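**Q** could you look at this predicted model? Sequence included:
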Amino acid sequence: MTATQNFDIEASCRQPTNCLAEVTAVVLAGGLGTRLRPVFADRPKVLAEIHGRPFLKYLLDQLIGVGIGNVVLCTGYLSHQVREVIGDCYRDLEIAYSAESTPLGTGGALRLALPKLQSDPVLVLNGDSYCAASLELFWAFHRARRAAATLLVAQNCDADRFGQVTLGTGHEVIRFREKGTTSEPRLINAGMYLIQRSLISEIPLGLQISLEREVFPSWIGRGFFGCATDAKFLDIGTPESYAAAEAFFEH
């Protein structure tokens, strides 16, 4: 399958526009942002400002746009700043917090938040990336396959920054490759996931563990699918990519 297919729509677009209204979204917002310290060192990465607004608010606006009403923010580094800026509600969103006392990685942070997650599946977003894909079609893709987990994958040519996701003929995830292994156009992790609670519950509680490096590879062959899109993708993890963010969000 190619990235430009922009979802395999056997999943049908005839989902109601509020099909995500009951879904709990989780934003993984606890990263240290060490590569961005030369740009700013006084705030967590999700509060990096773009056009005078914290990056996190762009993610929250995207969730509001599909009718989601409940969000859990998984915080860590300078977590009090996130709560001070966002509070317990943002526009139409109710905000809950899951704060780690020691770094748990993306997998450990998601497992810690499980008691606060009200839906099955849950929508998980990386707090340092943004993909302008249709979340309704992403949801339809996941439901059509009765997937245990679905990874949104985007096309990207930067072999030095991102690893490759390989999909099988049925769109199942069959392989992850480390960054820098090829310079050809390929599919990358776009930082959005739909995950059933049963899989989240298997992540060890209280341990530092990475979704991307440790958890996802262990789910291959267990109903783990990749949903490809050619929508715009942004990662703000480096000074260079952060510098491109203002152009990305120009309307």
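**A** Received, thanks.

**Q** low pLDDT regions in the chain?
**A** 1-18, 32-41, 156-160, 179-185, 251 (pLDDT under 70).

**Q** all strands for it, in order.
**A** 24-29, 49-50, 53-54, 70-75, 89-90, 93-99, 122-126, 129-131, 149-156, 164-167, 173-177, 186-195, 224-229, 233-235 (DSSP state E).

**Q** just checking, Arg177 touches Gln164?
**A** Yes. Assessed by CB atoms under 8 Å, Arg177 is found in contact with Gln164 at 4.1 Å. All C-beta atoms are positioned from the backbone trio N, CA, C, and that covers glycine.

**Q** that older thread, for Leu205, find the nearest of the strands of the chain.
**A** Nearest to Leu205, of all the strands of the chain, is strand 93-99, at 12.3 Å by CB to CB.

**Q** ok, the closest one: who's next to it in the sheet?
**A** Under the criterion DSSP bridges, strand 93-99 sits next to strand 70-75 (parallel), strand 89-90 (antiparallel) in its sheet.

**Q** state the number of residues packed around the closest residue in space to Leu47 that isn't next to it in sequence.
**A** Among residues not flanking Leu47 along the chain, Pro54 sits closest, at 4.5 Å (CB to CB, 6 or more residues apart in numbering). Using other CB atoms under 10 Å, Pro54 has 19 other residues around it.

**Q** dig out what Pro54 forms beta bridges with.
**A** Counting by DSSP bridges, Pro54 is bridged to Glu49.

**Q** what sits against it?
**A** For Pro54, the contacting residues are 46-48, 85-86, by CB atoms under 8 Å, 6 or more residues apart in numbering.

**Q** what do you get for Phe216?
**A** Phe216 sits next to 151, 173, 176, 224 when contact means CB under 8 Å, 6+ apart.

**Q** same check, this time on Phe233
**A** If you count contacts by CB under 8 Å, 6+ apart, Phe233 has them with 129-132, 154-156, 188, 190.

**Q** which non-adjacent residue is nearest it?
**A** Of all residues not flanking Phe233 in the chain, Ala154 sits nearest, at 4.2 Å (CB to CB, 6+ apart).
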